[in-house]
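> Following is a predicted model, sequence given first.
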Amino acid sequence: MRIVADRPEPDGTIPAILDIRLKPGWKTYWIDPGASGIPPQITLDPQDGVSFSGLRFPAPKAFHDGIASYTGYDHSVAFPLSLKREKTGDLDLKISVFLGVCKDICIPVQADLHLSLPDGLAENPLDRARIDDAVAALPMQPSDTFKVTAASFDTAGKRLHLSLITPIAAMPPELFLSGPPGYSFGKPENVRADNGKVTAEIPVRVPAKGGALKSGSVVLVARAGEQSIETPLAFD
């Protein structure tokens, strides 16, 4: 794994990715890995003069090993980083990365990476292309042809109810959800597709001290063929 970054933009934004190269047969995990797995986590030294506000993820896949299900990637993948410089001059970043990879079992991986961004850094076209490709691979915003039309949470039944419009009429989309800490989501059930109109129910595992999910607290990624969208769920 490595951090790839380009020179800061005029507004201070630093184009950057966490670039993970996987050997054949290996996998790594999405933000909500499912029943097993470790999502990628990044920590920056606060003295480095750069703020970090999160990772962004391309649409994942669902995997089943016969016992448990999990969510992630079975190919090399790049996660765009939300970085912004908070001081002028040369930047010298110390970045700690913690994530899981698996082949037969999940293996935690810890790495301490170093990245220098000198003031006046020349643009590297190959690095910039890799960053741009990672951003282009992210899910799109909802559109008139691919969007959630209704969402609700049944507190008593602990189920999410979703209605969507999708661009592929003959195939229901893959649905992936992430929510507040402690909440997790089961495999979609009662999925019905009718000429691009899809309804589904998703079981929700609520923590012992949890309760009703708040509107906007759950993020949905939906994949239909090569297209994917990402949106927070506004509950009815």
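On my side now, so go ahead. Residues are numbered from 1 along each chain as shown.
> Check which helix or strand Thr199 maps to.
Per DSSP states H and E: Thr199 is located in strand 197-205.
> partner strands of that strand, parallel or antiparallel?
The strands beside strand 197-205 in its sheet (DSSP bridges) come out as strand 159-165 (antiparallel), strand 184-185 (antiparallel), strand 189-194 (antiparallel).
> how about those strands, which one is nearest Gly210?
Closest of those to Gly210 is strand 184-185, at 10.5 Å (criterion: CB to CB). Just so you know, the C-beta spots here come from the backbone N, C-alpha and C atoms, and that holds for glycine as well.
> What average pLDDT does that closest one get?
Here strand 184-185 scores 91 as its mean pLDDT.
> And the contacts of that strand?
With contact meaning CB atoms under 8 Å, 6 or more residues apart in numbering, strand 184-185 is reached by Asp32, Gly34, Ala35, Leu160, Leu177, Ser178, Gly179, Ile202, Pro203, Val204, Arg205.
> do stretch 32-41 as well
With contact meaning CB under 8 Å, 6+ apart, stretch 32-41 is reached by 18, 20, 28-31, 55, 62, 68-72, 79, 97-100, 102, 106, 108, 176-179, 184-185.
> Spatially central, which residue of the protein would that be?
Centroid-nearest residue in the chain, with CA atoms, centre = their mean: Phe57, separated by 3.0 Å.
> residues contacting Gly12?
Gly12 touches Lys84, Arg85, Glu86, counting by CB under 8 Å, 6+ apart.
> I should have written Pro58 there, sorry.
Applying CB under 8 Å, 6+ apart, the residues near Pro58 are Tyr73, Val77, Phe79, Ala134, Ala137, Leu138, Pro139, Ser228.
> Quick check, the second one in contact with Leu22.
Yes. If you go by CB atoms under 8 Å, Val77 and Leu22 touch, sitting 7.5 Å apart.
> neighbour-wise, which of those two wins?
With other CB atoms under 10 Å as the criterion, Val77 and Leu22 differ in neighbour count, and Val77 comes out ahead with 22 against 16.
> Tell me who's in contact with that one.
Contact partners of Val77, counting by CB under 8 Å, 6+ apart, are Ile20, Leu22, Thr28, Pro58.
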